[in-house]
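> here are the coordinates; sequence isn't available:
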């Protein structure tokens, strides 16, 4: 929803390249997709090639790609970082967005029994507000919404100083 036709995208923690290829490449003018896992990048380059997608090996904690982007997508990976790392990364993300650029993504809420959904998750969020607190110091407009299923509670987010989906001034909104 947040990708305008021809936009310039940075995808953080892209994994195997599936999302860049199937979801973002049809709208974006260019996509730089990064991940710290050499195997994931090799898989993406082999199986999910597209003219407008570049896959690079990078650990965003120490190798955040340079450039200015219309959109930064951090989908299903923010939970792989500690609270401190997330807070530190927000400044780097903000500096790489255009003035109206949008950060978007998805994560999960921690289970009610306290067990992590996956053992390698560093921080699972407690609520919509818990996630939003990382964005609010950096962005004027923040939207976090959720879907709740019997065995999974998902959070989706947009953050920007410009218009985000479903704001009244969003071009695709109806009155």
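Happy to help now that I have it. Remember, predicted model here, so these are calculated numbers, not experimental data. Residues are numbered from 1 along each chain as shown.

> what's in contact with stretch 16-34?
The contact list for stretch 16-34 (Cβ atoms under 8 Å, 6 or more residues apart in numbering) reads 3-14, 40, 43-45, 47-50, 52-58, 60, 63, 65, 67, 69, 71, 73, 75. The way it works is simple: take the backbone N, C-alpha and C, and place the C-beta from them, glycine included.

> swap that for stretch 55-73, please
When contacts are taken as Cβ under 8 Å, 6+ apart, the neighbours of stretch 55-73 outside the stretch itself are 2-4, 7-14, 17, 19-20, 24, 28, 32-36, 38, 41, 44-45, 81, 85, 88-89, 92-93, 96-98, 100-105.

> next one: stretch 149-166
1-2, 97, 99-109, 117, 125, 128, 131-132, 135, 138-148, 169-173.

> could you list the buried residues of it?
Of all the residues in stretch 149-166, those buried under the rule 16 or more other Cβ atoms under 10 Å are 153, 155-164.

> how about JSON lines for those residues, with secondary structure and pLDDT added?
What follows is these, written out as JSON lines (DSSP: H, G, I helix; E, B strand; the rest coil; pLDDT from 0 to 100):
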{"residue": "153", "secondary structure": "strand", "pLDDT": "94"}
{"residue": "155", "secondary structure": "strand", "pLDDT": "98"}
{"residue": "156", "secondary structure": "strand", "pLDDT": "98"}
{"residue": "157", "secondary structure": "strand", "pLDDT": "98"}
{"residue": "158", "secondary structure": "strand", "pLDDT": "98"}
{"residue": "159", "secondary structure": "strand", "pLDDT": "98"}
{"residue": "160", "secondary structure": "strand", "pLDDT": "98"}
{"residue": "161", "secondary structure": "coil", "pLDDT": "98"}
{"residue": "162", "secondary structure": "coil", "pLDDT": "97"}
{"residue": "163", "secondary structure": "coil", "pLDDT": "96"}
{"residue": "164", "secondary structure": "coil", "pLDDT": "96"}
